[in-house]
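Asks: Test case, fold it:
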Amino acid sequence: MSQAKIPHDLLIKIVKEKHELIPKIMKEKGIDCWLIFARETSVNPDPIMNQVIGGDVVWKSSFVFAFEGEKFTKSAIVGDFDALAEERKGIWDVVIPYKEGISAPMKELFQRIKPSKIALNYSEDDVVSDGLSHGMFLKLISILSDKKDLFISAAPLIQAIRGRKTKTELELVTKACELTEEINHKMTKLIKTGMNETEIQNLFHDEMDKRNVVEAWQRVSCPAIDAGPDKEYGHVGPLPNSKTKKGHILHNDFGVKFSGYCSDLQRIWFFGSEDEIPEELTHAFKTVHGAITKAAECIKPGVTGFSVDKVARDYVKSQGYEEYAHALGHQLGTNAHDGGLLLGPLWERYGDIPKGIVEEGNIFTLELYVKTKNYGMVSLEEDIVVTKDGCRFLVPRCDKFITIEDT
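Replies: Residues are numbered from 1 along each chain as shown. As a prediction, the model looks like this:
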């Protein structure tokens, strides 16, 4: 049985944990009504559905979280064939089934709750907050035509709900990280000089299959395997003509999915003994490791994402390297790139996302690279959880090159 998919009972447990957070976060964000409007979610899922709904729906469905005065209510309006499944979850105050159409029960519900604003799942910058399709938005306008001026983006709410990991979510991400490191340690015993990137990736896939876990992103580039000085890192699969060699390095970018939650770590090997590692590589490794250390020392609840990135970016440049060409860190959860706040620079490609505020319970990657003259790119990636006054690494850090001596 695969360990990659989250068991239904565990999923509902997480949903209930999230439901405990929702009213508090809605008050923080000044939102008195949140509407999730979806259909055929097995085909076109809203990214937040699984964490607050816990499963798919078929017909048009409205899930409404609202304050009616001081009373907080949770309502599900679903097609009659979906109603029993929603009732069995035990997460709704009321489940309202319909047969012929959703319009009448929706109008009746919104006439009763009288929201001042209606938060909807759309966002220009954050993919996980942009789950409302254009067609469903047009349908919503036709149903609630008298309330279309109340529509606002639910992005701040969704980012907080996804980003503040529950106890169960943290346990699952940690377990995924531990499994990733177990496989990395196993590979250290199997990787030899003269192997090509495809052969090495196949070893990883074989070990993942033995453990009944799957890749955290597309299999062709998970793990990413980068051998030798000429390989440019990126979202690319292995090259069969790129082989390991004594005195060269091997890099991977690797994550697994365990019970629906992901890891994302980068490790780097040197083919030879510790004494044989050249100073150029030692300096590069210390720079990357040191930048991650400085970022980890800086991050805490209340700081902005771009300020954490700047600490690491400035350190890299101070050591004589050009700055890395991506954000320092992304959030981690049900996806390797879990949306919400980025630890990144204020570049156009990231929009306003790096301006957000780090919160306790966020899980981030800390990752960057530097380019050396003779040995290619040196890169590391660690996974952290933000604590009350700082952060904690989810698994022990990679503090030095992993050496492979097989000749």
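Asks: all contacts plus neighbour counts: C-alpha atoms, from now on.
Replies: Noted.
Asks: Do me a favour and get the end-to-end distance for stretch 311-326?
Replies: Stretch 311-326 has an end-to-end distance of 14 Å (criterion: CA to CA, to the nearest Å).
Asks: Contacts for that stretch, please.
Replies: The contact list for stretch 311-326, computed with CA atoms under 8 Å, 6 or more residues apart in numbering, reads 287-288, 291-292, 294-295, 298, 328, 344, 368-371.
Asks: filter those to the buried ones?
Replies: Neighbour counting by 16 or more other CA atoms under 10 Å classes Thr287, Val288, Ala291, Ile292, Ala295, Cys298, Leu328, Gly344, Leu368, Tyr369, Val370, Lys371 among these as buried.
Asks: Most widely separated two among those?
Replies: Cys298 and Lys371 (24.3 Å; CA to CA).
Asks: quick one, helices of the protein?
Replies: Applying DSSP state H to the chain gives helices spanning 8-29, 49-52, 80-89, 103-113, 134-143, 155-163, 167-190, 197-210, 279-298, 305-318.
Asks: Name all residues that make contact with the spatially most central residue of the chain.
Replies: For the chain, the residue sitting closest to the mean C-alpha position, by CA atoms, centre = their mean, is Asp338 at 2.3 Å. Asp338 makes contacts with Val128, His330, Gln331, Leu332, as judged by CA under 8 Å, 6+ apart.
Asks: Try it again at 7 Å.
Replies: Gln331, Leu332 (CA atoms under 7 Å, 6 or more residues apart in numbering).
Asks: And it, what's its pLDDT?
Replies: The model reports Asp338 with a pLDDT of 95.
Asks: So what's the residue count around the closest residue to Val385 other than its chain neighbours?
Replies: Of all residues beyond its chain neighbours, the one nearest Val385 is Ile363 (4.3 Å), with distances taken as CA to CA, 6 or more residues apart in numbering. Neighbour count of Ile363, defined by other CA atoms under 10 Å: 29.
Asks: what residues are up against the closest residue to Thr334 other than its chain neighbours?
Replies: Spatial nearest neighbour of Thr334, excluding adjacent residues (CA to CA, 6+ apart): Tyr261 at 4.4 Å. The contact partners of Tyr261, taken as CA under 7 Å, 6+ apart, are Leu172, Val173, Ala176, Gly333, Thr334, Asn335.
Asks: do Phe151 as well
Replies: In this structure, Phe151 makes contact with Lys117, Ile118, Ala119, Leu120, judged by CA under 7 Å, 6+ apart.
Asks: on that earlier part again, which two of the contacts of stretch 311-326 have the greatest separation?
Replies: Distances among the contacts of stretch 311-326 were taken as CA to CA; the most separated pair is Cys298 and Lys371, at 24.3 Å.
Asks: Surely Gln266 touches Leu250?
Replies: No: in this structure Gln266 lies outside contact range of Leu250 using CA atoms under 7 Å: 10.7 Å.
Asks: so how far is stretch 224-232 off the chain centroid?
Replies: Chain-centre distance of stretch 224-232: 25 Å, with CA atoms, centre = their mean, to the nearest Å.
Asks: Quick check: mean pLDDT of stretch 373-385?
Replies: Averaging pLDDT along stretch 373-385 yields 97.
Asks: Pull out the buried positions in that stretch.
Replies: The neighbour-count criterion (16+ other CA under 10 Å) identifies Tyr375, Gly376, Met377, Val378, Ser379, Leu380, Glu381, Glu382, Asp383, Ile384, Val385 as the buried residues of stretch 373-385.
Asks: okay, Arg88: pLDDT?
Replies: pLDDT, the model's per-residue confidence, is 96 for Arg88.
Asks: Sorry, slip of the keys, the one I care about is Pro238.
Replies: The predicted local confidence for Pro238 is 89.
Asks: any idea how far it is from Glu181?
Replies: Shown here: Pro238 relative to Glu181, a distance of 20 Å by CA to CA.
Asks: Thr387 too?
Replies: Here the criterion is CA to CA. By it, Thr387 lies 22 Å from Glu181.
Asks: ok, back up a step: and the residue nearest to Thr334, how far is that from Ile31?
Replies: On the measure of CA to CA, Tyr261 and Ile31 end up 28 Å apart.
Asks: residues near Asp206, how many?
Replies: 11.
Asks: could you list every residue that touches it?
Replies: When the contact criterion is CA under 7 Å, 6+ apart, Asp206 has no partners at all.
Asks: Dump the helices of the chain to CSV, plus distance to Lys231.
Replies: Formatted as CSV, the helices of the chain follow (distance: least, CA to CA, whole Å):
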stretch, distance to Lys231
helix 8-29, 40
helix 49-52, 38
helix 80-89, 49
helix 103-113, 56
helix 134-143, 41
helix 155-163, 34
helix 167-190, 20
helix 197-210, 11
helix 279-298, 16
helix 305-318, 21
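Asks: nearest to Val58, of the ones you listed?
Replies: Of all these, helix 80-89 sits nearest to Val58, with 7.1 Å by CA to CA.
Asks: Please point out which parts of the closest one sit buried.
Replies: Of the residues in helix 80-89, those buried under the neighbour-count criterion (16+ other CA under 10 Å) are Asp82, Ala83, Glu86, Lys89.
Asks: Quick one: the strands in the stretch 301-407 of the chain, in order.
Replies: Listed in chain order, the strands found in the stretch 301-407 of the chain under DSSP state E, counting those that start in this stretch are 363-371, 377-386, 391-393, 402-404.
Asks: so which of those strands gets nearest Ala76?
Replies: Closest to Ala76 of the strands of the stretch 301-407 of the chain is strand 363-371 (CA to CA; 30.0 Å).
Asks: quick one: that closest one to helix 167-190, angle?
Replies: Orientation note: strand 363-371 sits at an angle of 30 degrees relative to helix 167-190 (axes from the mean of the first three to the mean of the last three CA atoms, to 10 degrees).
Asks: can you list contacts of strand 363-371?
Replies: Residues from elsewhere that reach strand 363-371 (CA under 7 Å, 6+ apart): 284, 288, 292, 321, 324, 328-332, 377-386.
Asks: how close does Asp93 get to Val316?
Replies: In this view, Asp93 and Val316 are 53 Å apart by CA to CA.
Asks: the more surrounded of these two?
Replies: Between Asp93 and Val316, counted using other CA under 10 Å, Val316 has the larger neighbour count: 23 against 11.
Asks: Lovely, talk soon.
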